[in-house]
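> Give the three-dimensional model of this entry:
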Amino acid sequence: MTSNASHSRRAVLGLAAAAVPAALLVSGATPASAATVIGGERLGLDGIQVRRRAGAPALPRAAAQSWLVADYDSGEVLAAYRPHRPLPPASTLKMLFADTVLPKFDKAQKRKVTAADLAGIPAGSSLVGVEAGTTYTVDQLWHGVFLRSGNDAVHVLSSMNGGVAGTVGEMAAKAVDLQALDTHVVSPDGYDHPGQLSSAYDLSLFARHGLRNTDFRGYCATRVAEFPGRGGKKFQIQNTDRLLGTYAGMIGVKNGYTTHAGNTFTGAATRGGRTLLVTVMHPAVGYDAVYKETSALLDWGFRAVDKVTPVGMLVDPLSEGGGLRTASPAAGPRAARAAASGGSGTGDSSWPLLGAGGGVAALLAVGTVALRNRRPRRRRKH
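Residues are numbered from 1 along each chain as shown. Next comes the predicted model:
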């Protein structure tokens, strides 16, 4: 990364941070307390959150820094551990990229890639093998994004979408609409840029929203595809999701790895007519750990689905009627901790839906404006 690129990115983030108070005034939002958490107050507490009823199986041991198990259809969160903890997302952030950009282009549309389209891809990025001078369909580029997590394909699609900076702004706005307020977007590819953060809760929102799109669902379930190479030849690319085709009922969705983030994964599987979502972030060292923990949590979820009381909800997008409700005045961090009884109890939760990342929401809103209004000199800045 060049010095100019680093300064450019910091300038954009600085504009957003400086404007947070103005955003709060314009939106009428207020910073959320520990008791006002998107999806329910229990999701903001420390420790494992689960409400087991008679006959419910014990949770498997998991070393991940954050995880969540939810029912895809109802949005009910069956169990979670620090699901709102902001952590580097790696390539799982590409789910938000797809939520934002995928609906905008016809799959048959073609793009002859230029050197400018590929400028600014960070060193060490995962690549599918996009080359300047070669023509690709949008469909092929999306296969490159989902199967090989290709940052080169992400940058070409971002260029088609008006540029990286504008795409980042749109992703930030999409995150706010999805009520994914733990997420701070710096680049569209999930690379380890300072300040690039998301959470198990937010990644689950991205996956749930994306799976409602037929194309999104199809791409993340594709195991093998052909990709254009030099001289008109094609080569085979394979999905790097190790559970696809090995875990019964697995339908996607996205894995990720960077040096800073470690392994991250959001997976969805269907059994007996029920679909579950599991997100695991930063498990123990070892490439297979994220898949082993995801498999174990999915197994638990299918066994426990009718034997636990939900501890929260995956909320709907604001644009689809998802509302923000403030917590009861009587609720507070101390009361919430008491009700949780160390993370497993039987008390009811009011499930307030205003995010613990209220300040992040303001940052995202202002960041969107700053990025849209800022014209990049060169794509190299990213």
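> Distance-wise, check the residue of the chain positioned farthest from its centre relative to Asn213.
Distance from the centre of the chain peaks at Gly231, with 36.3 Å (C-alpha atoms, centre = their mean). Distance, Gly231 to Asn213, using C-beta to C-beta, to the nearest Å: 34 Å. The way it works is simple: take the backbone N, C-alpha and C, and place the C-beta from them, glycine included.
> And for Ser198?
In terms of C-beta to C-beta, Ser198 sits 19 Å off from Asn213.
> So between the two, which is more surrounded?
Ser198 (29 against 14; other C-beta atoms under 10 Å).
> so where does the spatially most central residue of the chain fall, helix or strand?
Residue closest to the average C-alpha location in the chain (C-alpha atoms, centre = their mean): Leu203, at 3.0 Å. For Leu203, the host element (DSSP states H and E) is helix 200-210.
> where does that helix sit relative to the chain's centre, distance-wise?
Centroid displacement of helix 200-210 relative to its chain, using C-alpha atoms, centre = their mean, to the nearest Å, is 5 Å.
> how much space between the residue farthest from the centre of the chain and Thr134?
For Gly231, the distance to Thr134 - C-beta to C-beta - is 10 Å.
> Mind giving me the packing neighbours of whichever strand or helix holds Asp99?
Assigned by DSSP H and E, Asp99 falls within helix 94-101. Contacts defined by 3 or more C-beta pairs under 8 Å, 6 or more residues apart in numbering; DSSP states H and E place helix 94-101 against helix 138-148, helix 151-160, helix 164-177, helix 200-210, helix 214-221, strand 250-258.
> closest one to Gln49 among the ones you listed?
In terms of C-beta to C-beta, the element of the helices and strands packed on helix 94-101 nearest to Gln49 is helix 200-210, at 11.4 Å.
> if you average pLDDT over the closest one, what comes out?
Helix 200-210 comes out with an average pLDDT of 98.
> and what of stretch 144-154?
On average, stretch 144-154 scores 98.
> Name the residues that touch that stretch?
91, 94, 97-98, 118, 121-122, 125-130, 141-142, 157, 188-189, 191, 219-220, 222, 224-225, 227, 237-240, 254-256 (C-beta atoms under 8 Å, 6 or more residues apart in numbering).
> distance between the ends of that stretch?
In terms of C-alpha to C-alpha, to the nearest Å, the two terminal residues of stretch 144-154 are separated by 8 Å.
> ok so, going back, my read is that the residue nearest to the centre of the chain contacts Ala261, right?
No: if you go by C-beta atoms under 8 Å, Leu203 and Ala261 don't touch, sitting 11.5 Å apart.
> shared neighbours, these two?
Joint contacts of Leu203 and Ala261 (C-beta under 8 Å, 6+ apart) are 89, 281.
> hmm, back to that, need the helices and strands packed on helix 94-101 in JSON lines with distance to Gly40, can you?
Output for the helices and strands packed on helix 94-101, formatted as JSON lines (distance: least, C-beta to C-beta, whole Å):
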{"stretch": "helix 138-148", "distance to Gly40": "31"}
{"stretch": "helix 151-160", "distance to Gly40": "33"}
{"stretch": "helix 164-177", "distance to Gly40": "19"}
{"stretch": "helix 200-210", "distance to Gly40": "10"}
{"stretch": "helix 214-221", "distance to Gly40": "26"}
{"stretch": "strand 250-258", "distance to Gly40": "23"}
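> Could you look over those and pick the most buried one?
Of those, the one with the most neighbours on average (mean count of other C-beta atoms under 10 Å) is helix 200-210, at a mean of 29.
> For it, which helices and strands make contact with it?
strand 66-71, helix 94-101, helix 214-221, strand 250-258, strand 262-271, strand 274-281.
> Show me the contact partners of the shortest one.
In this case it means strand 66-71. Residues contacting strand 66-71 (C-beta under 8 Å, 6+ apart): 76-83, 85, 87, 199-201, 204, 208, 274-282, 293, 297-298, 300-301, 305, 310, 314.
> Separate out the buried members of the contacts of stretch 144-154.
Neighbour counting with 16 or more other C-beta atoms under 10 Å marks 91, 94, 97-98, 118, 121-122, 125-126, 128-130, 141-142, 157, 188-189, 191, 219-220, 222, 225, 227, 237, 239-240, 254-256 as buried within the contacts of stretch 144-154.
> Alpha carbons of the helix holding Asp99, in CSV - could you do that?
In CSV, the C-alpha atoms belonging to helix 94-101 read as follows (Å, rounded to 0.1, in the frame of the first residue of the first chain):
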residue,chain,number,x,y,z
LYS,A,94,-18.1,-9.6,0.9
MET,A,95,-21.6,-10.7,1.9
LEU,A,96,-22.4,-7.0,2.5
PHE,A,97,-20.7,-6.1,-0.8
ALA,A,98,-23.0,-8.6,-2.5
ASP,A,99,-26.1,-7.3,-0.7
THR,A,100,-25.2,-3.9,-2.0
VAL,A,101,-24.0,-4.4,-5.5
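> angle of that helix against helix 138-148?
Between helix 94-101 and helix 138-148, the angle comes out at 160 degrees (axes from the mean of the first three to the mean of the last three C-alpha atoms, to 10 degrees).
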